[in-house]
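[1] Predicted model and sequence follow; I will ask about them next.
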Amino acid sequence: MSITVVRRTGLIGTILKMTIKINGERVAKIANDQKLEMSIPNNVVQICATQSGVKSNTIEVKDGERVQIKSNKWSNRIYVLYYIIFITGIFASNPLYKSIALLMIILLGFILLFIVNAFQLTILDDKTTI
């Protein structure tokens, strides 16, 4: 029994590998644009992915299915906003602006860690090439 996982997260989290969890247990790490075939203990398992505390949704996968990991559209927008605020905060001369930028960065980090699933797992149909 096995499943295939492919990661296509684009620029989000490219530097770090993601941890794949099956039934809550860490079983593998996957790099961006990597395809990984994994053995599963049962015919049906729960799978999710995490990266530095940022998580994905959890889905049920059956033997032989293919799973794709992509960045969530909201997380992409949050990351862009995060970097804009970060760069603006670095170049701001006013200490108040720097403090506001820091608070906004902390808030966006909180949203990414605890509210939004930054990555989206989906099961690919048989016609989709990976």
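    Right, received. Where do you want to start? Residues are numbered from 1 along each chain as shown.

[2] Check which residues of stretch 25-33 are buried.
    Across stretch 25-33, burial judged by 16 or more other Cβ atoms under 10 Å covers 27-28, 30, 32. Where C-beta positions appear, they are placed from N, C-alpha and C, glycine not excepted.

[3] same thing with stretch 99-108?
    For stretch 99-108, a neighbour-count test (16+ other Cβ under 10 Å) marks 101, 104-105, 108 as buried.

[4] would you turn those residues into JSON lines with pLDDT?
    Supplementary listing: the buried residues of stretch 99-108 in JSON lines, determined by pLDDT from 0 to 100:
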{"residue": "101", "pLDDT": "92"}
{"residue": "104", "pLDDT": "92"}
{"residue": "105", "pLDDT": "91"}
{"residue": "108", "pLDDT": "88"}
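
[5] Closest one of those to residue 66?
    Residue 66 has its nearest neighbour among the buried residues of stretch 99-108 in residue 108, at 32.2 Å by Cβ to Cβ.

[6] what's in contact with the helix or strand that residue 120 is a member of?
    For residue 120, the enclosing helix or strand under DSSP states H and E is strand 119-124. With contacts defined as Cβ atoms under 8 Å, 6 or more residues apart in numbering, strand 119-124 is touched by 6, 9, 18, 47-49, 51, 54-59, 61, 65-72, 75, 130.

[7] how about 10 Å then?
    3-7, 9, 12-13, 18, 20, 47-51, 54-62, 65-75, 128, 130 (Cβ atoms under 10 Å, 6 or more residues apart in numbering).
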